[in-house]
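S.K.: Curious how this folds, go ahead:
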Amino acid sequence: MNERIKATEVRLIGPDNNQMGIMHLSEAQKFANESEMDLVLIAPQATPPVVKIMDYGKYKFDQQKREKEARKSQKVVELKEIRLSVNIGDHDFNTKIGHAQKFLEEGNKVKASIRFRGREMVHASLGREVMERFADAVSEYGSVDKLPKLEGRSMQMIIMPNK
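M.R.: Purely as a prediction, here's the structure:
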């Protein structure tokens with residue numbers, strides 16, 4: 001912007017978006033000074049480079065305002081984890097289902113995991129049955145995104161919320 005522009009000839013766009021033609025950089029800077037605004041390089045790769053007369057401070061402020069609005073309107077999807085066990089009781093299981101339903105209603109992903117301890121590794125099929133039962137219980141709130149997979153001593157499954 002202003003004196004930092006290196007090109008000698010530029011295509012000038014006025015403050016009201018009308019083309020003022022190709023001219024020497026010093027002439028363009030003179031026009032910008034007369035209107036008490038900044039000369040901003042818009043398209044440096046063009047030949048000749050395109051510059052525009054604008055209030056740079058106001059431009060940056062408006063740009064930050066637009067970015068803030070965009071951040072405000074976007075929803076960040078979180079991954080909430082629920083830990084189950086191979087020999088989980090009915091009441092505990094129902095409580096975990098309630099938590100998962102609440103997370104899915106809020107629009108978050110749910111990661112259900114089972115950690116196998118000791119000799120439970122031999123009964124990985126029981127863990128898979130618990131996972132399938134869990135997926136069926138929350139099926140009206142979300143669908144399975146990543147099927148149950150055994151990794152080391154833990155089995156994990158990810159459930160996406162329904163739209």
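S.K.: Could you look up the SS state of Thr20?
M.R.: One correction, residue 20 is Met, not Thr. Three-state call for Met20 (DSSP: H, G, I helix; E, B strand; the rest coil): strand.
S.K.: Tell me the pLDDT of it.
M.R.: On pLDDT, Met20 comes in at 89.
S.K.: Mind checking what secondary structure the closest residue to it other than its chain neighbours has?
M.R.: Sequence neighbours aside, Leu12 is the residue nearest to Met20 in space, at 4.3 Å (criterion: Cβ to Cβ, 6 or more residues apart in numbering). For glycine as for every other residue, the C-beta is placed from the backbone atoms N, C-alpha and C. Classification of Leu12 by three-state DSSP places it in strand.
S.K.: Tally up the residues packed near Leu12, please.
M.R.: By other Cβ atoms under 10 Å, 23 other residues sit near Leu12.
S.K.: That one contacts Leu25, doesn't it?
M.R.: No: the pair Leu12 / Leu25 is not scored as a contact, 9.4 Å apart, by Cβ atoms under 8 Å.
S.K.: how about the single longest helix found in the chain: buried residues?
M.R.: In the chain, assigned by DSSP state H, the helix with the most residues is helix 56-73. Buried residues in helix 56-73, defined by neighbour count with 16 or more other Cβ atoms under 10 Å: none.
S.K.: same question, stretch 125-141
M.R.: Neighbour-count burial for stretch 125-141 [16+ other Cβ under 10 Å]: Gly127, Arg128, Val130, Met131, Phe134, Ala135, Ala137, Val138, Tyr141.
S.K.: hmm, who's touching the strand ranked longest in the chain?
M.R.: Selection of the longest strand in the chain by residue count, based on DSSP state E, yields strand 142-151. Contacts to strand 142-151, defined as Cβ atoms under 8 Å, 6 or more residues apart in numbering, come from residues 100, 104, 109-110, 124, 127-128, 131-132, 135, 155-162.
S.K.: Kindly report the same for stretch 119-138.
M.R.: By Cβ under 8 Å, 6+ apart, the list of residues contacting stretch 119-138 reads 84-88, 93, 96-97, 100-101, 104, 110, 112, 114, 116, 144, 148, 150, 153, 155, 157, 159.
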